[in-house]
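Chemist: sequence? don't have it. structure:
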DNA sequence: CTCATTAAGTAGACATTTTCTACATTGGGC
DNA sequence: GCCCAATGTAGAAAATGTCTACTTAATGAG
């Protein structure tokens, strides 16, 4: 590996280097130039890999979805024939991932990071990640575990809930994200419980369909 | 009103002017200088109202929480003695708010927009907004509407779910955010149903507590 | 009414950053 | 071994964030 010039894997290095900067200084404080200097390349080099700053952010979001997919797959493998545990494990895994990488999660679900180029790569990552989650849900359906709903609706509901909870925790809005693991787990378990069995009291008075 | 100099309400004007820019060009494309020019003031003027760019973004996030609070309060007034409808109305109202103002919602729940100054004003806005939602949940509890959970857990779960769903819709990840109102409502209603009655099939096999 | 205080806006300066463009180096495929 | 596409470099132009030292106007005390 020649010492200088061709870095070897600048693209990946940029993504990795950007993450701590995002955490410490936020999106506004991130600069491609600064990353280049940190990595010992010239200030123009990053543009060989990312059209602009937004494209780098999008690439980071992609890694988040890749992680989500990974978490789902591992959960599935870990409990091959217990889809209930698969979902629980995946959800909890995602929560801890977000707590450890809040800056990545922050980039994942956002209305058009760049409203222009519709991020085909990102859309792809989203699709495969939700696909992995859908598999877990489907497993549960085969075991008659879930009520009769469209799979996509279940994916959507669970992912929304878990992601929202994770962001709340990571943002320190509810509890200190540095709380001991057990405290976070307890909160996750309570929300999981509500999500599984519903908010509503089963013997609630007159059950009118909401308008 | 003197034609020049003292703008009168520059702070508010900046917030309003920033919103469309955020939608069209994203956080990265927003510039205080540009806003100043648009509003016909000098490039330094914004700094009389916001310490920096991040502070402006935070102020926009605050308006989002104010809107959330408003939506909750209106829902409560609209159905004074039907807490079920209160929650449904609030949730659906929030979804449509996010669809109409995705760029604002995007700023609301994020881990430390600026990790430094902990945004007291924002924290305040968060607290009163979640407080309004908590009131609606409390109303339901008085009617024995909800299962026996901590109020904060219910607030958290419902807000997470609704916010997540709204972001998905607004981001165009699932369905076109320009879909007719009825399509969005239908999706919201399905998720609401799942959230209320739970994902799980009530007659599901062996109900082991998740680990 | 006048005047001092202060909030709000201006103008200019400087360091950084984004990006563009033209050029250099290298590794790999033929 | 040579040529080319990919990758990195260097330099410059325009925009931006943000500081500092002024200017103007609104306001309230006397």
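Modeler: All right, it came through fine. The shown structure was predicted, so the numbers you read here are calculated from the model rather than taken from an experiment. Numbering: from 1, shown residues only, chains lettered A, B, ... in the order given.

Chemist: so where do the helices sit in chain A?
Modeler: Under the criterion DSSP state H, chain A contains helices at A:10-29, A:32-38, A:53-78, A:83-100, A:102-108, A:120-142, A:151-170, A:181-197.

Chemist: Which one, of these, ends up nearest to DNA strand D?
Modeler: In terms of C-beta to the nearest atom of the strand, the element of those nearest to DNA strand D is helix A:10-29, at 3.6 Å. Every C-beta, even on glycine, is put in place using the N, C-alpha and C of the backbone.

Chemist: on contacts alone, who are the packing partners of that closest one?
Modeler: Packing partners of helix A:10-29 (3 or more C-beta pairs under 8 Å, 6 or more residues apart in numbering or on different chains; DSSP states H and E): helix A:32-38, helix A:53-78, helix A:102-108, helix B:10-29, helix B:53-78.

Chemist: And chain B, is stretch A:31-51 touching that?
Modeler: No - contact between stretch A:31-51 and chain B is absent, the nearest approach being 10.8 Å (criterion: C-beta under 8 Å from any C-beta of the partner chain).

Chemist: can you tell me if that stretch touches DNA strand C.
Modeler: Yes - legend: contact between stretch A:31-51 and DNA strand C by C-beta under 7 Å from any atom of the strand is shown at A:31, A:32, A:33, A:34, A:43, A:44, A:47.

Chemist: what's the burial count for the last one?
Modeler: When neighbours are defined as other C-beta atoms under 10 Å in any protein chain shown, residue A:47 has 12 of them.

Chemist: on that earlier part again, filter the residues of stretch A:31-51 next to DNA strand C by proximity to DNA strand D?
Modeler: With C-beta under 7 Å from any atom of the strand as the criterion, the residues of stretch A:31-51 next to DNA strand C include A:43, A:44 near DNA strand D.

Chemist: export the residues of stretch A:31-51 next to DNA strand C to JSON lines and tack on distance to residue B:70?
Modeler: Supplementary listing: the residues of stretch A:31-51 next to DNA strand C in JSON lines, determined by distance: C-beta to C-beta, whole Å:
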{"residue": "A:31", "distance to residue B:70": "38"}
{"residue": "A:32", "distance to residue B:70": "40"}
{"residue": "A:33", "distance to residue B:70": "42"}
{"residue": "A:34", "distance to residue B:70": "40"}
{"residue": "A:43", "distance to residue B:70": "46"}
{"residue": "A:44", "distance to residue B:70": "48"}
{"residue": "A:47", "distance to residue B:70": "44"}
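
Chemist: where does chain A have low pLDDT?
Modeler: Low-confidence segments of chain A (pLDDT under 70): A:1-6, A:111-118, A:174, A:205-211.

Chemist: Got the domain ranges for it?
Modeler: In the domain annotation for chain A, the residue ranges read A:1-50, A:59-197 (automatic domain parsing).

Chemist: can you tell me if the last one touches DNA strand C.
Modeler: Read that as domain A:59-197. No - under the criterion of C-beta under 7 Å from any atom of the strand, domain A:59-197 makes no contact with DNA strand C; the nearest approach is 9.9 Å.

Chemist: For that domain, what is the distance to the chain centroid?
Modeler: The chain centroid and the centroid of domain A:59-197 are separated by 6 Å under C-alpha atoms, centre = their mean, to the nearest Å.

Chemist: Give me the nearest residue to residue A:149, chain neighbours excluded.
Modeler: residue B:194 (6.0 Å; C-beta to C-beta, 6 or more residues apart in numbering or on different chains).

Chemist: before we move on, what about residue A:21?
Modeler: Using C-beta to C-beta, 6+ apart, the nearest residue to residue A:21 is residue A:30, at 5.2 Å.
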